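K.L.:
fold the stuff below for me.
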Amino acid sequence: MKAFEVMGKVDEKGQLLLDKPLEIYTSSQVRVIILVSDDIESDPDDTPIQEIKESLKTALQEAKAGKRIPWEKMWEGIDTE
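P.N.:
So this is what the prediction gives:
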């Protein structure tokens, strides 16, 4: 899976408008992660963007190295209620 970072805006209809086109030349399924600027909506429990970026980079490196958590163990210890 490749990662692309591009800025954009959400319009009044809730649709995402990218500042520039993605350089993807085939039709494919994508995963979208939206990071909203703190000056729009502030939540003291939010994780800082830099920490999120570092975590995603580490996760990608681990996935490439084959270090994965088995699906059945992924949610162990997490309270979902």
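K.L.:
only C-alpha atoms for contact and neighbour calcs from this point on.
P.N.:
Fine.
K.L.:
is the most centrally placed residue in the chain part of a helix or strand, or is it coil?
P.N.:
The centroid of the chain falls nearest to residue 33 when counting by Cα atoms, centre = their mean (3.4 Å). Here residue 33 is recorded as coil under DSSP: H, G, I helix; E, B strand; the rest coil.
K.L.:
one more: residue 12?
P.N.:
Following three-state DSSP, residue 12 is assigned to coil.
K.L.:
cool, and residue 72?
P.N.:
helix.
K.L.:
same check, this time on residue 56
P.N.:
helix.
K.L.:
residue boundaries of the strands in this structure?
P.N.:
Applying DSSP state E to the chain gives strands spanning 8-10, 16-18.
K.L.:
worst mean pLDDT among those strands?
P.N.:
Among the strands of the chain, strand 8-10 has the lowest mean pLDDT, at a mean of 88.
K.L.:
quick check: neighbours of it in the sheet, parallel or antiparallel?
P.N.:
strand 16-18 (antiparallel) (DSSP bridges).
K.L.:
can you tell me what sits against the partner strand?
P.N.:
By Cα atoms under 8 Å, 6 or more residues apart in numbering, the surrounding residues in contact with strand 16-18 are 6-11.
K.L.:
how far out from the middle of the chain is that strand?
P.N.:
Centroid displacement of strand 16-18 relative to its chain, using Cα atoms, centre = their mean, to the nearest Å, is 15 Å.
K.L.:
residues of it that come out buried?
P.N.:
Across strand 16-18, burial judged by 16 or more other Cα atoms under 10 Å covers no residue at all.
K.L.:
of all the strands of the chain, which lies closest to residue 2?
P.N.:
Across the strands of the chain, residue 2 has its closest neighbour in strand 16-18 (17.5 Å, Cα to Cα).
K.L.:
what's the burial count for the closest residue in space to residue 62 that isn't next to it in sequence?
P.N.:
Closest residue to residue 62 apart from its sequence neighbours, by Cα to Cα, 6 or more residues apart in numbering: residue 68 at 7.1 Å. When counting by other Cα atoms under 10 Å, one arrives at 11 neighbours for residue 68.
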